[in-house]
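Engineer: please work out how this folds:
(2 chains)
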2 protein chains.
Amino acid sequence: DLMAELSAHFQPKILQGKHVLLTAGPTAEPIDPVRVLSNRSSGKTGYALARAAWEAGATVTMVSGPTALPTPYGVTRITVDTARQMHEAVMARTRDADLFIAVAAVADWHIANPSEHKLKKGKDGTPVLEFVPNPDILAEVAALEQGPWCVGFAAETQALRDHAEAKRRRKQVPVLIGNDAQSTMDADAASYTIFDDAGHTALPVLPKQEAARRLIAEIVRRWQSGDSASATSHPSSAA
Amino acid sequence: DLMAELSAHFQPKILQGKHVLLTAGPTAEPIDPVRVLSNRSSGKTGYALARAAWEAGATVTMVSGPTALPTPYGVTRITVDTARQMHEAVMARTRDADLFIAVAAVADWHIANPSEHKLKKGKDGTPVLEFVPNPDILAEVAALEQGPWCVGFAAETQALRDHAEAKRRRKQVPVLIGNDAQSTMDADAASYTIFDDAGHTALPVLPKQEAARRLIAEIVRRWQSGDSASATSHPSSAA
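Structural biologist: Below is the predicted model:
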C-alpha cells in the first residue's frame, strides 16, 4: 500500500525493532447461535493504534474481536470472537512482545449456558442467562514476570478520572488511557487522558489516527523514562 | 453513482411506481451505555434487497439497525438502534408503503432495567437482566387493514422448513423467506427458500446481490398473482 508506506515514511521510528501486541474491537459472547452479548466498540481506536505502531517501526500483532474494519497495512491480525478466545490468543503471544496495549472492549462476563439452537420466543419462554466472569487479560499480562510493558484503556461514562486511575492501580499497569465512552465509541475523533504515576495528562480532541500517533509517542516516552528505573529492555536500545 | 445507475439500467422495472419499505440489520438492545444485547446480522441481505428493489424501479425506504455498510445508492435510510425504535419508524411509514419486507434480525426481547452508567465488575456484581418482549413489527404490519403486502424473513438454525412455515402462518404473511442462519449471517453468498400458500421453493446458492434480485422477482410474481384474488393494488398497475 503506497499511501501507507508514504505516510509511515514521515513518522519517527520510535518503535523500530520492537514487537507490539495489542487487542482491539469488542468481543461477542454467544447467547445462542445468533444472539450475542456485545458492546458498541467499533474497533477504530485499536486499529488506529496498530497502524500508528507500525508506522513507528514496530512489528505489530493485533488480536481483534469482530469488526467491519480492514486490517491496517503491515499489521498481523488474529480475529477472535469471545473474551476467552482473545485471552488465549494474547497469552500465546506475550513472550515475543515488548509492549502490550489492551484496547479491546472485552466483555466482563460470558453466558454460562448458551443454547445450541436459536431460542424460540414462544417455545423457550423468556431466557434466563447465567453470567460467568471472563479472564482479565490486561491484569494477567501485567502480572507476568518477564512480560511486556503494559498499557491499558478505560472507556468510562462517568467520573472518568477516578475510575481510570483506580483501574490503573488495580491492574497494576504503568500507563492507562482513559476516554469518555459515549463520545468516543464509534466516533472518528477522540480526546484521551493519559494516567500514570505522575498524574494525568489530557490530550486535545484529534481525528482518531492523529490521536493514535500522539498516544504512541506519549506511551513510548513513558516507557523509556520508566525503564531507566526498571529491568525491562529500553525501547530505543534495539534501534 | 454511475455504476449503480448502469447496473440498474439492465434490471426489469417490475417495481416502477411502487414504494417499498424494508427493515435491515440487527437491533442493539442496551444493557448499559456501552454493553448491548445484539445478534450476528451484518445487514448484507437487507441492504442487497433494498438495492435490488431500487434497481427494479421502486422508491425504497430502509429502516436499518446499526451496521457498518454504506447506504445503497438511491435508497432512503433511517437508522435506529433498538427494536422499539425500529417499530416506531416502520409504523410511521406503512401508510405510504405498497410492499413491506421485514429482513432485520429484530431482538425478541429488550432489557427492562438498563443501567444509566457503565456497570462495574467489582462494585455492581454479576448483572441480573430482566427481559421484556419487543413488539412484533411484521405481525403488526401484516394485521393492518389497509397495510402493505408483507414479506417476512426467518433465520433458523434447525428444522428450517417447519419453523419457517410455522412463522409464516403465525405472522399471517403471504410470503416468508427462510435461510440457514449459521451459513448466511455475515456471509457474502446465500441460499434462500421461499414459503407461500403453494408450498416452498428453494433457490440456488448465489452471491447475495444476485440472490436479492432473484428474490425481488419471486416476491413480485407472488404479489401479482396473489393480488388477482385480493383487493390490494396490483404491482404492475402503476407501471
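
Engineer: contacts for the helix or strand harbouring A:W223?
Structural biologist: Element membership for A:W223 (DSSP states H and E) is helix A:208-227. Identification of contacts with helix A:208-227 by Cβ atoms under 8 Å, 6 or more residues apart in numbering or on different chains yields A:11-12, A:14-15, A:44-45, A:48-49, A:51-53, A:55-56, A:99, A:101, A:149, A:151, A:174-175, A:177, A:187-192, A:194, A:196, A:201, A:203, A:206, A:233-236. C-beta here means a position set from N, CA and C on the backbone, and glycine is covered the same way.

Engineer: if we go to 6 Å?
Structural biologist: Helix A:208-227 has contacts (Cβ atoms under 6 Å, 6 or more residues apart in numbering or on different chains) with A:14, A:44, A:48-49, A:52-53, A:56, A:149, A:151, A:174-175, A:188, A:190, A:194, A:196, A:203, A:234-235.

Engineer: the residue lying closest to A:M91 once chain neighbours are set aside: which element?
Structural biologist: Nearest residue to A:M91 in three dimensions, chain neighbours excluded: A:E140, at 7.1 Å (Cβ to Cβ, 6 or more residues apart in numbering or on different chains). Assigned by DSSP H and E, A:E140 belongs to helix A:137-142.

Engineer: show me what counts as buried in that helix.
Structural biologist: Buried residues in helix A:137-142, defined by neighbour count with 16 or more other Cβ atoms under 10 Å in any protein chain shown: A:137-139, A:141-142.

Engineer: also stretch A:62-79?
Structural biologist: A:62-67, A:69, A:72, A:74-75, A:77-78.

Engineer: contacts only, for the closest residue to A:T76 other than its chain neighbours.
Structural biologist: Spatial nearest neighbour of A:T76, excluding adjacent residues (Cβ to Cβ, 6+ apart): A:T61 at 4.8 Å. For A:T61, the contact set (Cβ under 6 Å, 6+ apart) comprises A:21, A:76, A:93.

Engineer: for the residue in chain A that chain B sits nearest to, which residues are in contact?
Structural biologist: Chain A approaches chain B most closely through A:A68 (3.1 Å), counting by Cβ to the nearest Cβ. Taking Cβ under 6 Å, 6+ apart as the criterion, A:A68 is in contact with B:A68.

Engineer: and the gap between it and A:T79?
Structural biologist: 12 Å (Cβ to Cβ, to the nearest Å).

Engineer: before we move on, what about A:P174?
Structural biologist: 29 Å.

Engineer: chain center to stretch A:87-100: distance?
Structural biologist: 12 Å (Cα atoms, centre = their mean, to the nearest Å).

Engineer: can you check stretch A:76-86 too?
Structural biologist: Using Cα atoms, centre = their mean, the offset of stretch A:76-86 from its chain centre is 12 Å.

Engineer: one step back: can you list contacts of the helix holding A:E140?
Structural biologist: A:87, A:90, A:94, A:100, A:102, A:147, A:150, A:152, A:171-173.

Engineer: most surrounded residue in the residues you listed?
Structural biologist: Among the contacts of helix A:137-142, A:A102 has the most neighbours (other Cβ atoms under 10 Å in any protein chain shown), with 28 neighbours.

Engineer: up against chain B, what does chain A have?
Structural biologist: By Cβ under 6 Å from any Cβ of the partner chain, the residues of chain A that approach chain B are A:33-36, A:38-40, A:68, A:108, A:117-118, A:121, A:126, A:131, A:157-158, A:181-182.

Engineer: show me where chain A has its helices.
Structural biologist: A:2-9, A:44-55, A:83-91, A:121-124, A:137-142, A:160-171, A:181-184, A:208-227 (DSSP state H).

Engineer: any idea which of the ones you listed is most buried?
Structural biologist: helix A:44-55 (a mean of 27; mean count of other Cβ atoms under 10 Å in any protein chain shown).

Engineer: any idea how far the residue nearest the centre of chain A lies from A:Y73?
Structural biologist: The structure's chain A has its C-alpha centroid closest to A:V103; by Cα atoms, centre = their mean the separation is 1.5 Å. Remark: distance between A:V103 and A:Y73 (Cβ to Cβ) = 18 Å.

Engineer: same deal with A:N134?
Structural biologist: From A:N134 across to A:Y73, the span is 31 Å (Cβ to Cβ).

Engineer: now A:L144
Structural biologist: Using Cβ to Cβ, A:L144 is found at 30 Å from A:Y73.

Engineer: likewise for A:P30?
Structural biologist: 32 Å.

Engineer: quick revisit: may I see the contacts of A:T61 organised as TSV, with distance to A:L2 and pLDDT added?
Structural biologist: Shown next, in TSV, are the contacts of A:T61 (distance: Cβ to Cβ, whole Å; pLDDT from 0 to 100):
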residue	distance to A:L2	pLDDT
A:L21	27	98
A:T76	20	98
A:R93	29	97
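
Engineer: partners of the top strand by length along chain A in the sheet?
Structural biologist: Counting residues, the longest strand found in chain A (DSSP state E) is strand A:149-156. With DSSP bridges as the test, strand A:149-156 is paired with strand A:99-102 (parallel), strand A:175-180 (parallel).

Engineer: now those strands in TSV, with mean pLDDT?
Structural biologist: Listed next are the strands paired with strand A:149-156 as TSV, based on pLDDT from 0 to 100:
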stretch	mean pLDDT
strand A:99-102	98
strand A:175-180	91
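
Engineer: about what we covered before: report the two of the buried residues of helix A:137-142 separated the most.
Structural biologist: Greatest spatial distance in the buried residues of helix A:137-142: A:I137 and A:A142, 9.5 Å, computed using Cβ to Cβ.

Engineer: still on that earlier bit, which residues does the residue nearest to A:T76 bridge with?
Structural biologist: Beta bridges link A:T61 to A:L21, A:T76 when assigned by DSSP bridges.

Engineer: re the thing from before, what sits against the residue nearest to the centre of chain A?
Structural biologist: Per Cβ under 6 Å, 6+ apart, neighbours of A:V103: A:22-24, A:45-46, A:49, A:153.

Engineer: any figure for the gap between the residue nearest to A:S38 when sequence neighbours are not counted and B:A190?
Structural biologist: Counting by Cβ to Cβ, 6+ apart, A:A28 is the residue found nearest to A:S38 once chain neighbours are left out, at 4.6 Å. Applying Cβ to Cβ, the value for A:A28 to B:A190 is 21 Å.

Engineer: same thing with A:A164?
Structural biologist: Taking Cβ to Cβ, one finds A:A164 at 44 Å from B:A190.

Engineer: go on, A:A92?
Structural biologist: From A:A92 to B:A190 the distance is 34 Å (Cβ to Cβ).

Engineer: between these two, which is the more surrounded one?
Structural biologist: The residue with more neighbours, out of A:A92 and B:A190, is B:A190; 23 against 11, by other Cβ under 10 Å.
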